[in-house]
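Asker: make a model of this:
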Amino acid sequence: MTRKNLFIVEDEEDILELLRHRLTREGFIVTTASRGEDALKAIQRKLPDLVLLDLMLPGLDGLEVCRALKKNPKTASVPVIMVTAKGEESDVVAGLEVGADDYVVKPFNTRVLIARIRAVLRRKEEPPPDRDATIHIHDIEINPGRHEVKVKGVPVEMTFSELRILHLLASRPGWVMTREQIVDAVHGEDYPVTDRAVDVQIVGIRRKLGPRADSIETVRGVGYRFKERG
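Answerer: Numbering: from 1, shown residues only. The predicted model follows:
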């Protein structure tokens, strides 16, 4: 198996060395930087498979670095895991909104972090979800082409936007989607573009899913995700 290249941007030397040591032991090739400006230059010279990016950095902070990476066509497809201070929901939301693929909070368990890194790398290698592909998950069948949703074999009526939101979340189980990402991805004629509208739509979808309502989880202060296991 090809070893994956990770780029770590972290200004706390102790944490940087811990991550370098643990991730190297796990078989990753690790490159590091302690400043955002240096990271951007190095990443553009040689694209890594994933960037682990601290939020609080001297000079360019993590949000600015992530935004620059996602705006550059050369680096936009490189996954970014943001590292934030524990309990700072606004930081998590901001990181996801500028394009981060996942986030971890400090202090973090390195085993959990490694699992999150591997999960994001697996997602990168998966083909992009087909907006019209039928999904079978948690006793739920979603067929956008026929505009059909079934729960345990029983048809459920949904609006165009409700079906699109459900299909979007179910196509990436475990993946947290912000309300803004949901708005951007779902373009229904009956869909008013506000954060509150997303919450209202989710309430309606859960009600219609009945016994499978808990398949959609609320990530407090961030958005929603579809459970990975039923």
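Asker: quickly list the domain ranges of the protein.
Answerer: What automatic domain parsing lists as the domains of the chain is 5-125, 135-226.
Asker: could you dump those into CSV and include mean neighbour count and mean pLDDT?
Answerer: Quick note: C-beta positions are derived from backbone N, CA and C, even for glycine. Listed next are the domains of the chain as CSV, based on neighbours: other C-beta atoms under 10 Å; pLDDT from 0 to 100:
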stretch, mean neighbour count, mean pLDDT
domain 5-125, 17, 89
domain 135-226, 17, 85
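Asker: measure the most far-flung residue of the chain relative to its centre to Thr84 for me?
Answerer: Relative to the C-alpha centroid of the chain, counting by C-alpha atoms, centre = their mean, Val154 is the outermost residue, at 30.9 Å. For Val154, the distance to Thr84 (C-beta to C-beta, to the nearest Å) stands at 41 Å.
Asker: same check on Pro173?
Answerer: Note on Pro173: its distance to Thr84, by C-beta to C-beta, is 23 Å.
Asker: and if you look at Ser90?
Answerer: Computed with C-beta to C-beta, the distance linking Ser90 and Thr84 is 9 Å.
Asker: for Asp14, same thing?
Answerer: 18 Å.
Asker: contacting residues for the residue positioned nearest the centre of the chain?
Answerer: The structure's the chain has its C-alpha centroid closest to Asp101; by C-alpha atoms, centre = their mean the separation is 3.8 Å. By C-beta atoms under 8 Å, 6 or more residues apart in numbering, the contact set of Asp101 is 79-81, 120, 123.
Asker: in a markdown table: those residues, plus secondary structure.
Answerer: As requested, those are exported to a markdown table (DSSP: H, G, I helix; E, B strand; the rest coil):
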| residue | secondary structure |
| --- | --- |
| Pro79 | coil |
| Val80 | strand |
| Ile81 | strand |
| Val120 | helix |
| Arg123 | helix |
